[in-house]
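Asker: let's see this in three dimensions:
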Amino acid sequence: MLTSSAVSGPVCLVRPPAVESFRFVTSGITLPLGLAYIAGAIEGCGRAVHVIDAVGEAPRRATRYYKGFLVGLPLEEIVARVPAESSLVGISVVFTHEYPAVVRLVELLKKARPELRVVLGGEHVTAMPEFCLATSKADFVVCGEGEETIVELLEALDLQRPLDEVAGIGFRDGPRLTVNPRRTRNRDIDAIPYPAWHHFAYQTYSDHHYIAAMDTQRLNLPLLATRGCPYQCTFCSSPNTWQPQWIPRDPVKVVDEIEHHVRTYGASSFPFQDLTAVIRRDWIVAFCEEVLRRGLDIRWQMPSGTRAEAVDAEVADLMKRSGMVSLAYAPESGSEETRKLIKKRMTTEDLLAGIRASSAAGLNVAVFTVIGFPHDTPASLAHNLEFVRRVRALGVTDLAVGYYFALPATELFDSLYDAGRIRLDATYFGHILQGGDLVPSVSHCESLGRLGLMRWKFQMYATFYSARDETKPRTGLAASLWRAFSGLFASSHDSKLQTVFRNAMYAGWTELRLALTRGWLSRSEERALFSTWDDTFRAIRAKLIARNIAVPAHPDTSRIHQGNVMKQLRVSHQTPRTLRLDSAAS
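Answerer: Below is the predicted model:
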C-alpha cells in the first residue's frame, strides 16, 4: 500500500546499467543527461541528492543479459549502495531494452527495503506508464519532462497532499493504477538548473569512449540546446514524449552553459543530444557567433541527426569556425515516397544542399537511413542505392543503415500491435537493439524477411563505400576498410566509421567472453519475467480504447501519414484515468 509520509534523507537517483550488444553503432552509452538535469532540479529546491551511476562506477563490468550484456554495477550492488537514510529512489529508464533490468532492480530494492518508495522516469516510462506500473513494483512514474514534476511530487509527499493533484505522474494503490494528466510543456527552459555533473564520473565516460558520438579524445559533456521536435514521424517516440513542439533555449545562454562546463569541469567537447537542433537559421548563426566572440576553444557535434533547410554555405562555415567537427543528417530514406509515408518532412533538394555546404566547410558529415519499415518494398528500397551514391559524391563521410524497430507509443507500433504483429516478449524488447545488427532479429516489413533486409543493408553499404567522394582524396572501398580498421588503434577519430568499428569489435568480444557465464537471471527466470507482459499490455490497451483514451490504429501502415496524431495525443495526455488490474505487481 502506498504511504504518504515525508521524504527523508537524500533523494537517491540511479542510472541503471546500460545495455550493449554486438552491433555497428557509435555506442548507445553516454552520460545520463536527463538524470543529471533531475539531480540539478532537486538540488535547486534545496534537497540533498545521492547518485548511483552504475556505468560510471563500473565501466568495464559486464553481465550477460537476455540480449547482449549489461554494462555497469551488478543489480545487487546497486541495492547495497542506496544510503540507509534515503527513503525515495528515482530510476531513469530511457531505453525500452533496459526496462527488464530495471524491473529486476526495483524487485531487489523492495525485497531488501520494503519501505523504499521508487519513482521511474524517462522516455520508455512516458511511452507506457500503466504498463510500467503494472509490471514493476515501482510506486510512481513520471511522464514527460521531469524537472518540475519530481520537485512537486517530493513536496506533495512531504505535505501529504493528494497525489492526483500532481500533474505528470502515475501511481499505484494496490491493483489500482492511476495516471494523471500530463504537465504542460515548460517553455522557460532557460530557467532550468544546469545538469549536476558533479555527481557523475564524467571523465570515466570519456576515458572509456562512452560518448555516443565520434570520438575526439577530449573531455565530453553532452548538451541540450533545444527540446522537442515540431514533426510527427510515425516511427519516432518524440510526439508522445514532447508533443510536436520545438522549444529552443537562448543561444547566448547555451554558450553560457558551455563556458561554465569548460571552467568548472574542464570539458572541451560537447555532443548535442537535441532531437532537431537546427530549425531556425537565425538561432544557429547566433550560437556560432557567440562561441566565436568568446574565443572558446571547443569541439562540438550533432551526432543524433538534424534538419538541412537552415544550413547553407555561410552557416556551415560558421559552424566549422566555431568548433563543430561532425554532424549527421537523418533523411531516413532515399525514397521521397517512403519519407512521405513516415511523415519525414524533408526534401531531397534541401538535404543535398545542406550536405554540399557542410562538406565544403570541412565538416565530417554522416547520413542516417532506416530500412525495413512495414511498408517498404524492393522498389522503394532501390531508391536508396542512387541516393547513397549521390550523397557520397557530395562529400558525406559516413553512412548508417539501421533496421527499423518498433518503439512503443509511436503510430507504427500501435498499428503493428493492434494488428497482432507484435507481442511484448523478450524478442520484442531485444529487437530495439537491432538497428546496428548485421542481421535483424525481427522483420516488420511485409515484403521482405530478415535475410532480405540484410542483403539490402550490405548492398547499400557496398554502394556507398565503394563510390568515389569527389571532394576528398583516397576514397573507395579499400580506403574505407582501412579507415575502419585504423579506428582500433587511433586515439582520436575523424570518421564515425572508425568509432563504429572499434565499438563493434569490443562488444563482439565481450559477448563471446560472457556466453557461458552466469547472467543477470537464469533462463527460466527470464521466461517467467516476460511471460505475462503481453497479456498485461493488451488488457491495458483494451481498457484505454474502451474509454476513448486511445483509438484502434489503422492496420494499413501506408495510410497512417494521412492523419494528424495531435488530436489523439491531447486526449491521451489530458485525460486522468484509474485502471484496475488484478495482475499488477505489488
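
Asker: just the helices in the stretch 251-400 of the chain please.
Answerer: For the stretch 251-400 of the chain, helices defined by DSSP state H, counting those that start in this stretch occupy the ranges 251-265, 281-294, 313-321, 336-341, 348-360, 378-393.

Asker: closest one to residue 330 among these?
Answerer: Checking these against residue 330 by Cβ to Cβ gives helix 348-360 as the closest, at 9.6 Å. C-beta here means a position set from N, CA and C on the backbone, and glycine is covered the same way.

Asker: that closest one: which residues count as buried?
Answerer: 348, 350, 351, 352, 353, 354, 355, 356, 357, 358, 359 (16 or more other Cβ atoms under 10 Å).

Asker: still on that earlier bit, tell me which of the helices of the stretch 251-400 of the chain sits most buried.
Answerer: helix 348-360 (a mean of 20; mean count of other Cβ atoms under 10 Å).

Asker: now the angle from that one to helix 313-321?
Answerer: 40 degrees (axes from the mean of the first three to the mean of the last three Cα atoms, to 10 degrees).

Asker: who does helix 348-360 touch, helix- and strand-wise?
Answerer: helix 313-321, strand 324-332, strand 364-371, helix 378-393 (3 or more Cβ pairs under 8 Å, 6 or more residues apart in numbering; DSSP states H and E).

Asker: need the ones you listed in CSV (columns: mean pLDDT and distance to residue 6).
Answerer: Below are the helices and strands packed on helix 348-360 laid out as CSV (pLDDT from 0 to 100; distance: least, Cβ to Cβ, whole Å):
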stretch, mean pLDDT, distance to residue 6
helix 313-321, 97, 49
strand 324-332, 94, 46
strand 364-371, 95, 47
helix 378-393, 96, 58
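
Asker: reformat those as TSV; add distance to residue 338.
Answerer: Shown next, in TSV, are the helices and strands packed on helix 348-360 (distance: least, Cβ to Cβ, whole Å):
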stretch	distance to residue 338
helix 313-321	27
strand 324-332	7
strand 364-371	9
helix 378-393	5
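
Asker: quick one: which of these is nearest residue 247?
Answerer: strand 324-332 (19.7 Å).

Asker: and the closest one, which residues are buried?
Answerer: 324, 325, 326, 327, 328, 329, 330, 331, 332.

Asker: over to stretch 130-150?
Answerer: 130-150.

Asker: also stretch 62-81?
Answerer: 62-73, 75, 78-79.

Asker: nearest to residue 341, of these?
Answerer: residue 67 (28.8 Å).

Asker: three-state assignment of the closest one?
Answerer: coil (DSSP: H, G, I helix; E, B strand; the rest coil).

Asker: tell me how far it lies from residue 385.
Answerer: 31 Å (Cβ to Cβ, to the nearest Å).

Asker: now do residue 240
Answerer: For residue 240, the distance to residue 385 - Cβ to Cβ - is 33 Å.

Asker: next one: residue 435
Answerer: In terms of Cβ to Cβ, residue 435 sits 20 Å off from residue 385.

Asker: same question for residue 303.
Answerer: In terms of Cβ to Cβ, residue 303 sits 25 Å off from residue 385.

Asker: which other helices and strands contact the longest helix along the chain?
Answerer: For the chain, the helix with the greatest residue count under DSSP state H is helix 496-514. Judged by 3+ Cβ pairs under 8 Å, 6+ apart, the packing partners of helix 496-514 are strand 62-64, strand 69-71, strand 398-403, helix 477-486.

Asker: mind running it again at 6 Å?
Answerer: helix 477-486 (3 or more Cβ pairs under 6 Å, 6 or more residues apart in numbering; DSSP states H and E).
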